[in-house]
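A.B. asks: For reference, the sequence and a predicted model appear below.
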Amino acid sequence: MAIEEEPGGRGRRAPDWLWRWGVSSWLLLGIIGLLIVVMLAVSKARELVLPLLIATLVGVVLEPVSRFLHVKLHLWRWLAAGITMLLVFALLVGLVAMLVYGVASQAGEISDDVEKGVDEVQEWFSGLKLSKDVTEKVTEAVEKAWQAVASGLLGVVSSSLSGAFSLVIGVFLALFILFFLLNDWEKISAWVIGHTGLPRERSEAVFDDVTESLRGYFKGTTIIAVANALTILPFLLVLGVPLAGTITIVTFVTAYIPSIGGYISGAFAVLIALAGSGLTEALIILAVVILANTVIQNPIQAVAYGKTLDLNPLVALLATILGAIFFGVAGAIFTAPLTAVVLKVVGGLKEERLEDEAEVSGRGAAGNPDG
């Protein structure tokens, strides 16, 4: 396309399509830069912000449980909130304790068994008559993968122990905020609805849409997590794979990490099977992991999610990675749904603006029928 001439002969300017793409590119870079700045700012105050965000999401998801205890069982509101909070706390403590104990008590033994697994890989590839370079690269990749998994899990344990004070403060703040969210849900939700800047009817619709979508998302994810864990557990027990309980818990927990959770748990399960049981068992576990994350998960996902957050997979992946970088495991789990909530609210605001503009245009057309 030819370069267009500026009016008055002042020179040439780029085509319109180039201007549009250029402006859009700068806007995209500006949004990404703003997100990074916000992430950095929030990460500096993570001891306060992270418990607040987690407690808010958990409160939205578990409020129906507290309401059930209050309405159906006729418990005081504060007692229903307290029981719900204690159940969540007990579940989290139990999962973390089993995970930490399983890894810390047997990681040394499993690390020793990795060498045997690597030898089996070398023998297997030798039987395939592949080149020596290919065999060495594969075995080196297996060793590095195990080192990354082992050091990462043990690093989480050691960092949690070394930062015990911060962990205790964060858990206390999260539970404190969660209790008041569950206890005063009606007052808090009414305040939020009244301060969105939207007409009350529209604000209530957006609020209900967001809360129901969040609950549907975590309900569907929990169903998928249970299905994945129950699929792999029998094979682990039959094949005699070490750390069967720990692998099952990792499979369950990582199901809450969008996009990459299945790969993390699958790699962990296969590496443990290779190190502790052998190459044949590792290949069987790999097949089971693929089966669980495709053939079994897809139909369950279609039924279980229902009305969910409807987040683009690429956006979910980027949000998960950024959340993991700045906030660790909790960020990887909660950043994607938080991003989807923000997009839903922005979408609601946009719809309201478009409706207002259409109404104004309609009034103008009615007041000026001759155009």
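C.D. replies: Cool, got the structure.
A.B. asks: Show me which helix runs longest in this protein.
C.D. replies: Identified as the longest helix of the chain according to DSSP state H is helix 313-367.
A.B. asks: What helices and strands are in contact with that helix?
C.D. replies: Applying 3 or more C-beta pairs under 8 Å, 6 or more residues apart in numbering; DSSP states H and E, we find helix 313-367 packed against helix 16-44, helix 46-71, helix 200-239. Every residue, glycine included, has its C-beta placed from N, CA and C.
A.B. asks: low pLDDT regions in this structure?
C.D. replies: Residue ranges of the chain with pLDDT under 70: 1-14, 39, 41-47, 102-167, 301-311, 329, 352, 356-357, 359-371.
A.B. asks: I'd assumed residue 183 was in contact with residue 67.
C.D. replies: No - Residue 67 lies out of contact with residue 183 (C-beta atoms under 8 Å); the separation is 11.2 Å.
A.B. asks: Between the two, point out the one with more neighbours.
C.D. replies: residue 183 (22 against 17; other C-beta atoms under 10 Å).
A.B. asks: Just the element for the spatially closest residue to the more buried one that is not a sequence neighbour, please.
C.D. replies: In space, and not counting its chain neighbours, residue 183 is closest to residue 81: 4.2 Å by C-beta to C-beta, 6 or more residues apart in numbering. In this structure, residue 81 sits in helix 77-127 according to DSSP states H and E.
A.B. asks: Make CSV out of the helices and strands packed on helix 313-367 and add distance to residue 285.
C.D. replies: Putting the helices and strands packed on helix 313-367 into CSV (distance: least, C-beta to C-beta, whole Å) gives the following:
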stretch, distance to residue 285
helix 16-44, 36
helix 46-71, 31
helix 200-239, 6
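A.B. asks: Tell me which of these lies nearest to residue 344.
C.D. replies: Of all those, it is helix 200-239 that lies closest to residue 344, at 5.3 Å by C-beta to C-beta.
A.B. asks: What are the buried residues along the closest one?
C.D. replies: For helix 200-239, burial by neighbour count (16 or more other C-beta atoms under 10 Å) applies to 202-207, 209-211, 213-221, 223-225, 227-229, 231-233, 235-236, 239.
A.B. asks: coming back round to it: for residue 320, see how far away the residue nearest to residue 183 is.
C.D. replies: Computed as C-beta to C-beta, to the nearest Å, the residue 81 to residue 320 distance reads 30 Å.
A.B. asks: Also residue 87?
C.D. replies: To residue 320, residue 87 is 27 Å away according to C-beta to C-beta.
A.B. asks: And for residue 297, the neighbour number?
C.D. replies: The local packing of residue 297 (other C-beta under 10 Å) involves 20 other residues.
A.B. asks: Contact partners for residue 241?
C.D. replies: By C-beta atoms under 8 Å, 6 or more residues apart in numbering, the contact list for residue 241 reads 235, 247, 269, 272, 273, 276, 277, 281, 285.
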